[in-house]
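Colleague: predicted coordinates and the sequence they were generated for:
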Amino acid sequence: MVHSTKQPSINTQSASSILTHIVSKTFAGIGILDFLHSDSVAYFNHEGPTIAVKIFTGLGCSALAGGSDWIFGGCLVYDLIALSVGRRGIGETKWSNL
């Protein structure tokens with residue numbers, strides 16, 4: 001049996017509430033980055049992303065970031081930057097030049 005609860009709204013007067021929201025939404029953003037990376041490695045090992053994948057990833061993350069609060073949206077923007085820098089680190093500059 002799966003038990004799920006919705007996180008209560010952020011209480012800006014409580015440091016623990018703020019930190020809880022920052023940590024949970026950062027983990028969710030990292031989970032999205034991990035999901036993108038794991039899927040690409042599982043199905044397209046040793047292949048770079050096509051232009052369509054790059055555009056879809058950029059638009060998808062931008063749409064999610066625009067429709068989210070600043071914590072989760074900022075994490076998604078960080079994910080896009082990490083994808084760009086990471087691809088440049090392995091010698092593929094086309095992703096970061098997009």
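Modeller: On my side now, so go ahead.

Colleague: look at residue 47 and tell me its secondary structure.
Modeller: coil (DSSP: H, G, I helix; E, B strand; the rest coil).

Colleague: likewise for residue 71?
Modeller: Using three-state DSSP, the secondary structure recorded for residue 71 is helix.

Colleague: need the contact list for it.
Modeller: 21, 22, 25, 26 (C-beta atoms under 8 Å, 6 or more residues apart in numbering). Every residue, glycine included, has its C-beta placed from N, CA and C.

Colleague: go through these and name the one nearest residue 9.
Modeller: For the contacts of residue 71, the residue nearest residue 9 by C-beta to C-beta is residue 21; the value is 9.0 Å.

Colleague: could you pull up the mean pLDDT of the helix or strand hosting the closest one?
Modeller: Per DSSP states H and E: residue 21 is located in helix 15-43. For helix 15-43, the mean pLDDT works out to 80.

Colleague: packing partners of it?
Modeller: The contact analysis (3 or more C-beta pairs under 8 Å, 6 or more residues apart in numbering; DSSP states H and E) places helix 15-43 against helix 51-66, helix 70-89.

Colleague: list the contacts for the nearest residue in space to residue 69 that is not next to it in sequence?
Modeller: Of all residues not flanking residue 69 in the chain, residue 25 sits nearest, at 7.5 Å (C-beta to C-beta, 6 or more residues apart in numbering). Neighbouring residues of residue 25 by C-beta under 8 Å, 6+ apart: 69, 71, 72, 75.

Colleague: and the last one, how close does it get to residue 82?
Modeller: If I follow you right, that is residue 75. 10 Å (C-beta to C-beta, to the nearest Å).

Colleague: rewinding a little: just the helices and strands packed on helix 15-43: most buried one?
Modeller: helix 70-89 (a mean of 16; mean count of other C-beta atoms under 10 Å).

Colleague: cool, thanks, signing off.
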